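Undergrad: Structure, please.
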Amino acid sequence: MGDVAVSLKIMPESPDTDLEKIKEDISKKIEIKDSKIEPLAFGLKALKILIIIPDEGMKNIENEIRSIDGISEVEIESSTVV
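TA: Okay, here's the model as predicted:
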């Protein structure tokens with residue numbers, strides 16, 4: 001199997017959650033190729049990241065990211081084989 005480029009939207013637990021710290025914590029588990037913080041509504045922002053992983057490892061990565069403090073939800077926005 002090949003590698004997959006995955007775009008994830010990471011929602012914080014609250015508007016006060018430090019998204020830079022979440023990004024740092026994620027980067028300790030997996031290499032982040034690109035990232036940006038986007039405003040959503042009512043002061044809430046989302047962290048969007050791009051990662052490249054082996055395609056069989058997606059569930060493990062999702063679970064690892066969800067286990068980080070301050071994260072409410074992880075949504076796969078897109079994925080493509082690279």
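Undergrad: ok, how many other residues are close to Asp16?
TA: 9 (other Cβ atoms under 10 Å). Glycine gets a C-beta too; all of them are placed from N, C-alpha and C.
Undergrad: Any buried residues in the helix or strand of the chain with the lowest mean pLDDT, and which?
TA: Least confident element among the helices and strands of the chain, by mean pLDDT, DSSP states H and E: helix 58-66 (a mean of 87). By 16 or more other Cβ atoms under 10 Å, the buried positions in helix 58-66 come out as 61, 64-65.
Undergrad: what distance separates it from the middle of the whole chain?
TA: For helix 58-66, the separation from the chain centroid amounts to 9 Å (computed by Cα atoms, centre = their mean, to the nearest Å).
Undergrad: For Lys23, state which of the buried residues of helix 58-66 is nearest.
TA: Nearest to Lys23 out of those is Ile65 (Cβ to Cβ; 10.8 Å).
Undergrad: In space, what's closest to the closest one - neighbours in sequence excluded?
TA: Distances taken as Cβ to Cβ, 6 or more residues apart in numbering place Val74 nearest to Ile65, at 5.2 Å, with adjacent residues excluded.
Undergrad: Just the buried positions in the helix or strand encompassing that neighbour, please.
TA: If you go by DSSP states H and E, Val74 is part of strand 71-81. Using 16+ other Cβ under 10 Å as the test for burial, strand 71-81 gives 71, 74.
Undergrad: hmm, back to that, contacting residues around the least confident helix or strand of the chain?
TA: For helix 58-66, the surrounding residues in contact (Cβ atoms under 8 Å, 6 or more residues apart in numbering) are 4, 6, 8, 10, 26, 29-30, 51, 53, 71, 74, 76, 79.
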